[in-house]
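Participant: Compute the structure for the input listed below.
(one chain, ligands or ions: 1)
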Amino acid sequence: YDDRDGKIWLDGELVDWRAAKVHVLSHALHYASSVFEGERAYGGRIFASRAHSERLRASGEAIDMPVPWTVDEIEAAKAQVMQANGLSDAYVRAVAWRGAGEDMGVSSARNPVRLAVAAWEWGAYYGDSKTRGAKLDISKWKRPSPETIPSHAKAAGLYMICTMSKHAAEAKGCADAMMFDYRGYVAEATGANIFFVKDGEVHTPLPDCFLNGITRQTVIGLLRDRQVKVHERHIEPAELEGFQQCWLTGTAAEVTPVGQIGDYAFEVGALTREIAEAYETLVRR
Ligand code: PMP
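Facilitator: Down below sits the predicted model:
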């Protein structure tokens, strides 16, 4: 992704895509002092844009790394990037991190906090799984307790086990992995939240140790608008067998049906399709 034409917003100005570089002694590279956002624009408009900018700042606060830009400034940076790259339907990535500076130890309080915003065209995150239903592996890694790490932040450190889980899944021919949490309850996929359908009602894990996704919250709203009962609760592994439908939600994933998790199979059913279409309509409105 580094060798492209285009512009990236870096610390307040647009720079050439290939020139948007950082130093090898950046604190973030060594100690994961980094938070980021993933957003999608539809027809030139970023869905839930302010909510993403607010979450970026909240993630920074959560890892003791206040982002030195206001929501309005972040909004302006995103608009500039969209325009400079002539984008309409696009994925937007904002990332804030501790740069190189005074300290090279664990403390980074004196290192500058930097911010970059890039955007590019990015199609379906799960490719043709979007229509056929994704196949998920079950990860051996557990989502950590909120007493272990600020698990509600969208922070780079939380993604180490996600990448490892996803690599293991891909090696088995799966699109992604479902992860359990530190207590053994169903948590989420490596970059998306998870929903299940049983007898016309929806069950989704309580987001008490992972990201309460903006897409997740949007989809719960769409379900409740349709008078579908949504149970946010702890889900035991043994319950997987009794669910009829399953889907993932995320900015990149949008609403992606799941056809299989380990040995459990799910149908790409009517409610899954209805919600995927309703989400598509909403984000383009
Ligand atoms: N969980 C994880 C680990 C994620 O990376 C994402 C994507 N940001 C989500 C859930 C879904 O969040 P959102 O709907 O806000 O994109």
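
Participant: Hmm, Pro150 and Cys209 touching each other?
Facilitator: No. With contacts counted by CB atoms under 8 Å, Cys209 stays clear of Pro150, the gap being 10.4 Å. Every C-beta, even on glycine, is put in place using the N, C-alpha and C of the backbone.

Participant: Which residue comes closest to whichever residue of the chain sits closest to the ligand once chain neighbours are left out?
Facilitator: Closest to the ligand within the chain is Gly213: 2.7 Å, counting by CB to the nearest ligand atom. Spatial nearest neighbour of Gly213, excluding adjacent residues (CB to CB, 6 or more residues apart in numbering): Asn193 at 4.6 Å.

Participant: any idea how far the one you found is from Glu201?
Facilitator: Applying CB to CB, to the nearest Å, the value for Asn193 to Glu201 is 17 Å.

Participant: okay, these two: which has more neighbours?
Facilitator: Asn193 (25 against 13; other CB atoms under 10 Å).

Participant: who in the stretch 51-200 of the chain is up against the ligand?
Facilitator: 154, 188, 191-193 (CB under 6 Å from any ligand atom).

Participant: Strands - which of the residues you listed land there?
Facilitator: The strands, defined by DSSP state E, take in 188, 193 from these.

Participant: Make TSV from the residues of the stretch 51-200 of the chain next to the ligand and add pLDDT to it.
Facilitator: Listed next are those as TSV, based on pLDDT from 0 to 100:
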residue	pLDDT
Lys154	98
Glu188	98
Gly191	98
Ala192	98
Asn193	98
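
Participant: Please pick the buried ones from the residues of the stretch 51-200 of the chain next to the ligand.
Facilitator: Buried subset of these (neighbour count, 16 or more other CB atoms under 10 Å): 154, 188, 191-193.

Participant: ok, those vs Phe180, which is closest?
Facilitator: Glu188 (9.7 Å; CB to CB).

Participant: Walking through the stretch 51-200 of the chain, point out its strands one by one.
Facilitator: Assigned by DSSP state E, counting those that start in this stretch, the stretch 51-200 of the chain shows strands spanning 90-98, 113-120, 134-143, 176-181, 186-189, 193-198.

Participant: Need the winner for burial among those strands.
Facilitator: Of these, the one with the most neighbours on average (mean count of other CB atoms under 10 Å) is strand 186-189, at a mean of 26.

Participant: For that strand, which outside residues touch it?
Facilitator: 136, 142-143, 176-181, 194, 205, 209-211, 235-237, 239-240, 248, 250, 253 (CB atoms under 8 Å, 6 or more residues apart in numbering).

Participant: Stretch 135-146 too?
Facilitator: Stretch 135-146 is contacted from outside by 129, 151-152, 158, 161, 164-165, 168-169, 172-182, 184, 187-190, 208-210, 258-262, using CB under 8 Å, 6+ apart.

Participant: same deal with stretch 49-63?
Facilitator: 33, 35-37, 39, 46, 66-67, 71, 74-75, 78, 92, 94, 96, 113, 150, 152-155, 157, 214, 251.
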